[in-house]
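A.B. asks: Provided below for reference: sequence and predicted model.
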Amino acid sequence: MLNFFTTYQSELISTAILFVLVFTIRKIIVLAVKRIGRKSGTSEVRAVLIGRYITVTLIAIAFLIEAFILGADTSDITLVFSSVFAVIGIALFAIWSILSNVTSGVIMFFSFPYKVGDKIRIHDNDFPVEAVIEDIRAFQLYLRADNGDLVTYPNNLILQKAVTLVKKDALDEKPEQ
């Protein structure tokens, strides 16, 4: 066992440094995303979801770097990653709608001008909607229409349609007595 540690000492030290570095970068980015979420008034759940996306991306990058640390050949890594990306590409093409909704959810986290509680009007020729935003999820918005109906609207469509703010914080209104 001692022979193992002396033989691979530099690789083990590099791996430990990579682990600490990735953990630190992840912590900084996740805290920054949560801070952006609080400033923009988005829910904590959405910030956690974006944090998970970032964590998965950092882990994938760490695996790539770790392969180089352990001495893998560039051509072998290229072969593995091209095969993995080919399979992922085919799978994502089959589920492009889901991927576009998730991507739209990430975009909406950082730049969507409307928040939970706002009453909006979506100018859709096929299905015009005027409702209050109840929740913004990874795949869709939950909207509550005036008649009480719950409408789910896909994130990718909300970014493609014209939207008008009817009333800010419509959920905070107190009914008149």
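C.D. replies: Here it is on my side, so go on.

A.B. asks: could you use CA atoms for every contact and neighbour count after this?
C.D. replies: Fine.

A.B. asks: Gly117: what secondary structure?
C.D. replies: Of the three states, Gly117 takes coil under DSSP: H, G, I helix; E, B strand; the rest coil.

A.B. asks: any idea how far Lys168 is from it?
C.D. replies: With distances taken as CA to CA, to the nearest Å, Gly117 is found 7 Å from Lys168.

A.B. asks: which of the two has more neighbours?
C.D. replies: Gly117 (20 against 16; other CA atoms under 10 Å).

A.B. asks: per-residue confidence at that one?
C.D. replies: pLDDT, Gly117: 88.

A.B. asks: quick check: it vs Ile107, distance?
C.D. replies: Distance, Gly117 to Ile107, using CA to CA: 19 Å.

A.B. asks: ditto for Glu134
C.D. replies: Glu134 is 18 Å from Ile107, by CA to CA.

A.B. asks: so these two - more neighbours on which side?
C.D. replies: Glu134 (20 against 14).

A.B. asks: ok, and the closest non-adjacent residue to Ala131?
C.D. replies: Leaving out its chain neighbours, the residue that sits closest to Ala131 by CA to CA, 6 or more residues apart in numbering is Ala145, at 4.3 Å.

A.B. asks: OK, contacts around that neighbour?
C.D. replies: 129-132, 151 (CA atoms under 8 Å, 6 or more residues apart in numbering).

A.B. asks: in the longest helix seen in the chain, which of the residues would be classed as buried?
C.D. replies: In the chain, assigned by DSSP state H, the helix with the most residues is helix 9-40. For helix 9-40, a neighbour-count test (16 or more other CA atoms under 10 Å) marks 11, 15, 18, 22, 26, 30, 33-34, 37, 40 as buried.

A.B. asks: and which of those is nearest to Ser75?
C.D. replies: Using CA to CA, Glu11 comes nearest to Ser75 of the buried residues of helix 9-40, at 20.1 Å.

A.B. asks: for that closest one, give me its contacts.
C.D. replies: By CA under 8 Å, 6+ apart, Glu11 lies in contact with 69-70.

A.B. asks: ok, now how distant is it from Gly71?
C.D. replies: For Glu11, the distance to Gly71 (CA to CA) stands at 9 Å.

A.B. asks: who are the packing partners of the longest strand seen in the chain?
C.D. replies: Counting by DSSP state E, the longest strand found in the chain is strand 129-136. Strand 129-136 sits against strand 119-123, strand 140-145, with contacts defined as 3 or more CA pairs under 8 Å, 6 or more residues apart in numbering; DSSP states H and E.

A.B. asks: dump the ones you listed to TSV, plus distance to Pro113.
C.D. replies: Formatted as TSV, these follow (distance: least, CA to CA, whole Å):
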stretch	distance to Pro113
strand 119-123	11
strand 140-145	14
